[in-house]
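Colleague: I'd like to go over a predicted model; first the sequence, then the structure.
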There are 2 protein chains.
Amino acid sequence: MTEQKNLVSNTRKLAQLIVDSKFQIDELNVAKKCFVDYLASAYVSRNEPAVKRLFDTLKNAGPAKLLGQAGTASSDHAALFNGFAAHYNDFDDVQANFRGHPSVVIYSALLALADGTESADRFFEAYIVGVEIAGQIGFQVNPTHKLSGYHTTATLGTIAAAASLPFFKRFSLGQTIDILSFAATQAAGLGIEAGTDTKPMHAGLAAQRAVQSYQFVSSQLTTNQDVFNNQTGWVKIVVGQELDLDLIESTWLTPAQIITPGIWFKRHQFCSAAMSGYDAIKQGYLQGINIKNIKQVIFHFRPFGDKVLRYKQPLNGQEGKFSIEYIAWQILTFGDVNDELFDSSVSTEKFQEMSYLFKRVNDLKNIAVDQREILVEFVRTDKSINTIYIDWPQGSPQNPLTMDEIYVKLAHALSIDENELFDILTAGLTSKSVAGLLNIIARI
Amino acid sequence: MTEQKNLVSNTRKLAQLIVDSKFQIDELNVAKKCFVDYLASAYVSRNEPAVKRLFDTLKNAGPAKLLGQAGTASSDHAALFNGFAAHYNDFDDVQANFRGHPSVVIYSALLALADGTESADRFFEAYIVGVEIAGQIGFQVNPTHKLSGYHTTATLGTIAAAASLPFFKRFSLGQTIDILSFAATQAAGLGIEAGTDTKPMHAGLAAQRAVQSYQFVSSQLTTNQDVFNNQTGWVKIVVGQELDLDLIESTWLTPAQIITPGIWFKRHQFCSAAMSGYDAIKQGYLQGINIKNIKQVIFHFRPFGDKVLRYKQPLNGQEGKFSIEYIAWQILTFGDVNDELFDSSVSTEKFQEMSYLFKRVNDLKNIAVDQREILVEFVRTDKSINTIYIDWPQGSPQNPLTMDEIYVKLAHALSIDENELFDILTAGLTSKSVAGLLNIIARI
């Protein structure tokens, strides 16, 4: 028995897990939230000049819809465009083990191949499968893989998006192995592209490669049958370590990666690493602290807890997405952040005059890897001190946004009436087939 | 002066070399041979079932021609298809420093974007630039990069094909940097796909990514400006070593990589590592040695010199492409190899009955890395012994095929009259614009 088990390759085991997956209702509910959040992230970028220019380059007479644009493209070009647009403002969801953005890669691939006749449940289940792969492999290869210089949304994202497709299209075990092989051999993307248009492009390219993998397998092209083997396979060659398939088998969907560590949703267009700080400063503001009565703000992080917040002195709004100081200054000055102040063309001169107010120290103890704790110390001009501690900010899996809040996020992205949108979304999300989901896109 | 030089990034230096490139007439002549050889490699595969199926998947109403097929596609899909078809039978050219196949990636990208108005010299010069990049970076990163599990035609091939495009299209220095950045962040492909349809697909994908890089830069998307930096750039992250730009600067096109170590052309559809052995056995046959009067054939290689010839007992014709024994058996039995016997569906049963005749030893001394020497010892049934030594076989850079011989290769691939083809090729290759080259494709 043991001997026979050893004969089954890593890739076949993984494909079997995908094919046999079973789901829970709460997983489907989170997947639906992710879908609406994905639409919000795509539509909020629909008028960005870079998005418009890419649309002009890619639009053609293909069958697939380009979100937020009056045009279509071939399936793989649609996946590319939608992934790019949905990740353009970094407004989309995040998963901690993946250390990447699941919806922009997986939903862009699924949507590009959906013809409407498929079961809506199957569509969302396929998404859950993609998140599961990203989280399971991500748990094993991160943080090494990310810290060694790869962009996980690009690399693991390709594999995750590709893995969702054979489940969605009810492909065989063999075809699932082939899709994984095509995807892994093409999984690529460097971390140094962060801060350029190539970062969101990585999300689009990951979705495109997934769609291509599906097309190649549909063309019956052959592949290596064990792309996750631990001698010459993807994890070994690219990450330099082995993949433990027994661990994946014993934890597959129990609990699902979409539930634990779960999905983070954003309310504003800044890096998720600043979400706890945002909540703390906002609470401080509501307690009467503002730019006129503050002498110093000290941010306490755990060691390296502020690593991703790489700009203490951002030079434009886009860098400000990664600056807790810039976010705090906005709240203390205006009462809240303004998404328009995160645009790359926005000067941060007025912030810089006040930046002497802010200070960081890294003296908190390490807690769970997926938790983002902060303690903010407010020293007022009257020398009184307030401290506010946040571990699970609003939008984190332990303090999630409600579906209604994500509906509002989409309504704002579309600048349309919330009540009208609620009717469209509710009708679409209760439809039994993917046609209902496509109908949402057709109507907004 | 030194200080200022240090401020110029690796990627900017490389882009400057590309932009400033100057060429010699003998380089252009080899580039033209490569082009005709590329067409032969693509057309010989035009009726392969896998090629036909991929054509059915990709064909659409785009502007670019699919070689050997009655149909067109978008530029990036054409690059993908043509790269796949041209590499499908492994009949295409090879460069030793690159350790990969230059024409299937570079010409597939150039052709996909050619509108015919461009200068023909510029087209061939752009090809030489692509070979230069592949050879220069390949010289530094190989054999580490290839042996660590990557498929160099896929990885370095993406960068090479992309680098040729800004030169061809007379892009600016800045745009050249952007194209290199897009290409390097997407360069991917695992060695384990060898022996499957995914290996030729890698060539197509490399060409496609190059075309996409060109399109993204045309859409003015932004990129990281030093993708070849030695801390977080492609060579450091993926290969794990540093790139020496001073070495590249001091050897750029002096001599050109297309001349030294030069290009290998194939006469038959088997691995280039068997070319010396083919010549030796063929000479033996012409000296009267054949399957009826031979007792033993001993192949003497240098250590690891036969590593790529991985099948001593191939089970089908496709494996036989990588078997010196299978090749020798064909020549000694039939007087020459027959390309049809290298098909994946061909049984090698008759060969296997005679395979006891063949033996390998690795007792030659190491010479130059790009040389493929063999000594074949023929022991006849009458106990007399002949030995034949080959270091530079026909088709190697030191014993090159003539343009006429490559014309014949294309004529055979097309199954058309050689004289008619000679007229078409001569007219096309002497044209001043790319329209002449496109006219060759339109007429064959």
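Modeller: Looks like it arrived, so ask away. Numbering: from 1, shown residues only, chains lettered A, B, ... in the order given.
Colleague: which stretches of the stretch 251-400 of chain A aren't confidently modelled?
Modeller: Scanning the stretch 251-400 of chain A for pLDDT under 70 picks out A:369.
Colleague: for it, what spans make up the helices?
Modeller: A:275-286, A:317-320, A:324-334, A:349-354 (DSSP state H, counting those that start in this stretch).
Colleague: A:P63 is nearest to which of the ones you listed?
Modeller: helix A:317-320 (34.4 Å; CB to CB). The way it works is simple: take the backbone N, C-alpha and C, and place the C-beta from them, glycine included.
Colleague: ok, back up a step: how about the helices of the stretch 251-400 of chain A, which one is nearest A:V376?
Modeller: Nearest to A:V376, of all the helices of the stretch 251-400 of chain A, is helix A:275-286, at 4.1 Å by CB to CB.
Colleague: who's in contact with the closest one?
Modeller: A:264, A:266, A:268, A:270, A:297, A:299, A:324, A:327-328, A:331-332, A:335-337, A:372-376, A:378, A:386, A:388-396 (CB atoms under 8 Å, 6 or more residues apart in numbering or on different chains).
Colleague: residues in the stretch 1-150 of chain A within reach of chain B, list them.
Modeller: Those residues of the stretch 1-150 of chain A that sit near chain B, judged by CB under 8 Å from any CB of the partner chain, are A:50, A:53-54, A:56-57, A:60-62, A:74, A:77, A:148-150.
Colleague: Among those, name the buried ones.
Modeller: Of all the residues of the stretch 1-150 of chain A next to chain B considered here, the ones buried according to neighbour count by 16 or more other CB atoms under 10 Å in any protein chain shown are A:50, A:53-54, A:57, A:62, A:74, A:77, A:148-150.
Colleague: Could you dump the helices of the stretch 251-400 of chain A into CSV with mean neighbour count added?
Modeller: Formatted as CSV, the helices of the stretch 251-400 of chain A follow (neighbours: other CB atoms under 10 Å in any protein chain shown):
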stretch, mean neighbour count
helix A:275-286, 23
helix A:317-320, 22
helix A:324-334, 24
helix A:349-354, 14
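Colleague: and the gap between the residue positioned nearest the centre of chain A and B:Y127?
Modeller: Closest to where the C-alpha atoms of chain A average out (CA atoms, centre = their mean) is A:H101, at 2.0 Å. Computed as CB to CB, to the nearest Å, the A:H101 to B:Y127 distance reads 38 Å.
Colleague: Drop anything exposed from the contacts of helix A:275-286.
Modeller: Buried members of the contacts of helix A:275-286, scored by 16+ other CB under 10 Å, are A:264, A:266, A:268, A:270, A:297, A:299, A:324, A:327-328, A:331-332, A:337, A:372-376, A:378, A:388, A:390-396.
Colleague: Spatially nearest residue to the residue of chain A positioned farthest from its centre (excluding sequence neighbours)?
Modeller: Farthest-out residue of chain A from its mean C-alpha position, per CA atoms, centre = their mean: A:D382, at 42.4 Å. Using CB to CB, 6 or more residues apart in numbering or on different chains and skipping residues adjacent in sequence, the residue nearest A:D382 is A:N293, 7.3 Å away.
Colleague: sorry, back to before: among the buried ones among the contacts of helix A:275-286, which are in strands?
Modeller: Counting by DSSP state E, the part of the buried ones among the contacts of helix A:275-286 found in strands is A:264, A:297, A:299, A:374-376, A:378, A:388, A:390.
Colleague: possible to save the helices of the stretch 251-400 of chain A as JSON lines with distance to B:L315?
Modeller: Converted to JSON lines, the helices of the stretch 251-400 of chain A look like this (distance: least, CB to CB, whole Å):
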{"stretch": "helix A:275-286", "distance to B:L315": "58"}
{"stretch": "helix A:317-320", "distance to B:L315": "57"}
{"stretch": "helix A:324-334", "distance to B:L315": "62"}
{"stretch": "helix A:349-354", "distance to B:L315": "69"}
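Colleague: For B:T176, which of those is the nearest?
Modeller: The nearest among the helices of the stretch 251-400 of chain A, by CB to CB, is helix A:317-320 at 24.4 Å.
Colleague: Quick one: list the elements packing against that closest one.
Modeller: When contacts are defined as 3 or more CB pairs under 8 Å, 6 or more residues apart in numbering or on different chains; DSSP states H and E, helix A:317-320 packs onto helix A:324-334.
Colleague: Could you tell me the angle between the helix it packs on and helix A:275-286?
Modeller: Between helix A:324-334 and helix A:275-286, the angle comes out at 20 degrees (axes from the mean of the first three to the mean of the last three CA atoms, to 10 degrees).
Colleague: Which strands or helices does helix A:324-334 pack on?
Modeller: On a contact count with 3+ CB pairs under 8 Å, 6+ apart, helix A:324-334 meets helix A:275-286, strand A:294-300, helix A:317-320, helix A:349-354, strand A:358-361.
Colleague: how about the ones you listed, which one is nearest B:V238?
Modeller: Nearest of the helices and strands packed on helix A:324-334 (CB to CB): helix A:317-320, 27.2 Å.
Colleague: and A:I258, what does it touch?
Modeller: Here A:I258 is in contact with A:27, A:30-31, A:34, A:95, A:128, A:131-132, A:135 (CB under 8 Å, 6+ apart).
Colleague: Which of the residues you listed fall in helices?
Modeller: A:27, A:30-31, A:34, A:128, A:131-132, A:135 (DSSP state H).
Colleague: Which of those residues has the largest number of neighbours?
Modeller: Neighbour counts for those (other CB atoms under 10 Å in any protein chain shown) peak at A:V131, which has 30 neighbours.
Colleague: For that residue, give me its contacts.
Modeller: Neighbours of A:V131 in contact, by CB under 8 Å, 6+ apart: A:95, A:98, A:102, A:106, A:160, A:256-258, A:263.
Colleague: Read off the pLDDT value for it.
Modeller: Note on A:V131: pLDDT of 98.
Colleague: Could you do the one 4 residues further on as well?
Modeller: A:G135 carries a pLDDT score of 98 in this model.
Colleague: that older thread, ok, the residue nearest to A:D382 touching A:S384?
Modeller: No. If you go by CB atoms under 8 Å, A:N293 and A:S384 don't touch, sitting 9.6 Å apart.
Colleague: Number of residues surrounding the residue nearest to A:I298 when sequence neighbours are not counted?
Modeller: With CB to CB, 6+ apart as the criterion, A:I298 has its nearest non-adjacent residue at 4.2 Å, and that residue is A:E377. Residues contacting A:E377 under the criterion other CB under 10 Å number 17.
Colleague: show me what contacts A:E377?
Modeller: A:296-298, A:300, A:385-387.
Colleague: And A:D339, by the same measure?
Modeller: Taking CB under 8 Å, 6+ apart, we find A:D339 in contact with A:89, A:268-269.
Colleague: give me that answer again for 6 Å
Modeller: For A:D339, the contact set (CB atoms under 6 Å, 6 or more residues apart in numbering or on different chains) comprises A:Q269.
Colleague: what about the residue farthest from the centre of chain A, distance to chain B?
Modeller: 46 Å (CB to the nearest CB, to the nearest Å).
Colleague: Can you pull the phi and psi angles for that residue?
Modeller: Here is the backbone geometry of A:D382 (degrees, to the nearest 10): phi -80, psi 10.
Colleague: Run through who's touching whichever helix or strand A:H412 is part of.
Modeller: Under the criterion of DSSP states H and E, A:H412 resides in helix A:403-414. Outside helix A:403-414, the residues within contact range by CB under 6 Å, 6+ apart are A:33, A:36-37, A:39-40, A:43-44, A:418, A:421-422, A:444.
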